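*Asks:* predicted model and sequence follow; I will ask about them next.
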Amino acid sequence: MFSKIYNIKTILKDVRLLKTCYYNFKCNHYSCPIFIYPNVHFRIGSKAKIIHNGGRLKVGRRWTIGRFFPSEFIIADNGTLEINDDFEIYTGCSIVVDSGAKLSLGKSKINLNSRIAVFNSITIGDNVYISENATLRDSDNHAISGSATNHSAPITIGNNVLIGINSTILKGVTIGDGSVIAANSLVNKTVPPNTLVGGVPAKILRENITWNL
């Protein structure tokens, strides 16, 4: 019993309970799959869709000795958020899902000050660690006249993936299971499984790798 109480206290530490309860009630999820921490601008459109397949989404957490930076988490009208397992977003991040777009989250974490902009579709698998100041953006937002290239395309992050500090993942990219993106990389092409890539633009540095957090 003591262990159960301790776990509840750990989960709820710093959580803004009233805000958490309000938004979960608004989304008709009475089991509270979304936990909201301090200094988070949180908005879910009245016509947004929340799919809860299990786990909890924690928005705006801090490290033990850290503080809460301004964060935002926005799902626009007709946007979709899919929660498949426990997903942690640390403080200072900006997550925006545009109308008609979908963000799907597995059992993973996003560290401080990262940015995710979803205009089409972004899927993040299990055991993914996204480091500080990373950017995931599935659209150029503006088409170039005469270009046959789509200005928006889905991003898919597989399982057991490490995305390094200050890295950027662009539209149409799939990152295979077990891969590592080196710090300060710009990824504009699909990354095969179990591959280390790095650079601007990112190139294959090593193949058949394994990594542990």
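*Replies:* Structure received. Numbers count the residues shown, from 1 in each chain.
*Asks:* hey, where'd the helices end up in this protein?
*Replies:* All helices of the chain, identified by DSSP state H, fall at 2-12, 17-26.
*Asks:* hey, least reliable of these by pLDDT?
*Replies:* When mean pLDDT is averaged over each of the helices of the chain, helix 2-12 scores lowest at a mean of 49.
*Asks:* what distance separates the start and the end of stretch 197-207?
*Replies:* Counting by Cα to Cα, to the nearest Å, you get 9 Å between the two ends of stretch 197-207.
*Asks:* what are the buried residues along that stretch?
*Replies:* Going by neighbour count (16 or more other Cβ atoms under 10 Å), the buried part of stretch 197-207 is 197-198, 202. Glycine gets a C-beta too; all of them are placed from N, C-alpha and C.
*Asks:* tell me how far the residue nearest to Thr195 when sequence neighbours are not counted lies from Tyr37.
*Replies:* Distances taken as Cβ to Cβ, 6 or more residues apart in numbering put Ser179 closest to Thr195, at 4.9 Å, once the chain neighbours are dropped. Computed as Cβ to Cβ, to the nearest Å, the Ser179 to Tyr37 distance reads 30 Å.
*Asks:* so for the two, which residue has more residues nearby?
*Replies:* Counted by other Cβ atoms under 10 Å, Ser179 and Tyr37 do not tie: Ser179 has more neighbours, with 26 against 22.
*Asks:* from Arg43, how far out is that one?
*Replies:* According to Cβ to Cβ, Ser179 and Arg43 sit 33 Å apart.
*Asks:* I am finished for the moment; much appreciated.
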